[in-house]
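A.B. asks: structure for this input, please:
(2 chains)
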Amino acid sequence: MSGDHEHGHDHAHPHPFQPDDDAGGLTEHMALVAAVRELLIEGGIYTAEDERRAIERMDARSPAAGARMVARAWVDPAYRDRLLADGSAAARELGIEVGPTRLIVVEDTAEVKNVIVCTLCSCYPRWVLGLPPAWYKARAYRARVVVEPRAVLAEFGTELPEGMAVRVHDSTADMRYMVLPARPEGTEGWGEEALAAIVSRDCMIGVAMPDPAQSAA
Amino acid sequence: MSAEPIGPHDLGGAQAGPVELHEHAVAHWEKQVDAMMTLLSERGHLKVDELRRGIETLGEDAYERLSYYERWAQSMTTILLEKGIVTPGAITAKVAEIKARQP
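C.D. replies: A predicted model of the protein is given here:
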C-alpha cells in the first residue's frame, strides 16, 4: 500500500495542522505591546487578571446573540417592531448587553437588501456578533462595497435578483448596524432555535442570506 | 463622483482588488491589544475617538503597511505617551528587557 507521505515516516506523532498564533517570533509591534502592557500593569492601571477577564468576555461574544434576536423577530412581530425601533433596548430585552454605542437594526425585505460596512475604520456590532472577520477590516471590502455592492456580494457567493435594491450602511463611531435578514421560505413552523441556527454572522453583516438547507433540522 | 479622501483611512470608493475571504484567527497578543483598549477606556484613560485619531494620523505609509492591531498598538502608545501615562524611556527599557527575555 502507499500509506507513506513524501517525507516517509510513520505517524507515531500527530501533525500540527495549525501553527500556534505566536509561533512567528516576536515582531517589533509585539514587543511594543508587551512593553506597554507590562508598564500599565506595573503602574496599577489594570491587572493581568483584569486582562484575562476582558479577553474571556471578548471570546464569549459570538453571532449566536444576534441570531437569537433575528429568530425572535421572525416569530414575534411585536419584537420585530421593537427591534427596528431601538436595537439596543431589544437586545437587552433578551439579556444581551450591547455597550454604550447605539445599535440600529436594518431589515431586509423581498425588495431591499441591506449591507453594513465601516469605510473609515472597522466599527462593527461586536456585542452581538463577536469580533469582526479580517475581511471586514481590510481595504477591499471597505473600499468597494459602497460603490459596487452587487459585485462584492457576488464574491461571497450571494447573487441578488435584478430588481432588488441594495442599501449599504456606513457605520459611525457612535452607532452600529446589524442586518435583520428576511426569513426564508421553507421555514414555516420552525422554532426559534432552529431558525437561529441558519442565521450566520455573514447574514447579519448582509453579505449572505439565510439558507434553510444549511439546517440540521 | 466623490470628495477627496480625508486621509488614508477614508477608503470608501477607493481602488481595491477582490475581497480576501481568508479568515485569520486573532492571535493572543492581538487580543491583549483589544483588551488594553477596553480596559483603558472603561477606566477613563483613553477614548475610542482618541484611538481613531491616533490611527488616522499614522500617515499613509504606516496605515497601509501595518496590520489592524499593529495600528491600534501604535496609536494607543502615541496617546499614552501624550498623556504621560507611559514615558519613552520606560518603553525603550521595557522593550529591551522583553527582547532579552526571548529564548
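A.B. asks: CA atoms only for the top helix by length along chain A, dumped as CSV, please.
C.D. replies: Criterion DSSP state H: the longest helix present in chain A is helix A:28-42. This file holds the C-alpha atoms of helix A:28-42, laid out as CSV (Å, rounded to 0.1, in the frame of the first residue of the first chain):
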residue,chain,number,x,y,z
GLU,A,28,8.6,44.9,16.8
HIS,A,29,5.0,45.6,17.4
MET,A,30,4.5,42.5,19.6
ALA,A,31,7.5,43.7,21.7
LEU,A,32,5.9,47.2,21.9
VAL,A,33,2.6,45.7,23.0
ALA,A,34,4.3,43.5,25.6
ALA,A,35,6.2,46.5,26.9
VAL,A,36,3.3,48.9,27.2
ARG,A,37,1.1,46.1,28.7
GLU,A,38,3.7,45.4,31.4
LEU,A,39,4.1,49.1,32.1
LEU,A,40,0.4,49.5,32.5
ILE,A,41,0.2,46.5,34.8
GLU,A,42,3.2,47.7,36.9
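A.B. asks: may I see the buried residues of it?
C.D. replies: Neighbour-count burial for helix A:28-42 flags A:H29, A:M30, A:A31, A:L32, A:V33, A:A34, A:A35, A:V36, A:R37, A:E38, A:L39, A:L40 (criterion: 16 or more other C-beta atoms under 10 Å in any protein chain shown). Glycine gets a C-beta too; all of them are placed from N, C-alpha and C.
A.B. asks: can you show me the helices along the chain?
C.D. replies: With no chain named, the answer covers chain A. Ranges of helices in chain A, per DSSP H, are A:28-42, A:48-60, A:63-75, A:77-85, A:87-93, A:126-129, A:134-137, A:139-144, A:149-155, A:192-197, A:201-205.
A.B. asks: not quite, I wanted chain B
C.D. replies: B:28-42, B:48-56, B:60-65, B:68-82, B:88-101.
A.B. asks: follow-up on the earlier one: which strands and helices sit next to the longest helix of chain A?
C.D. replies: Under the contact definition 3 or more C-beta pairs under 8 Å, 6 or more residues apart in numbering or on different chains; DSSP states H and E, helix A:28-42 sits against helix A:48-60, helix B:28-42, helix B:68-82, helix B:88-101.
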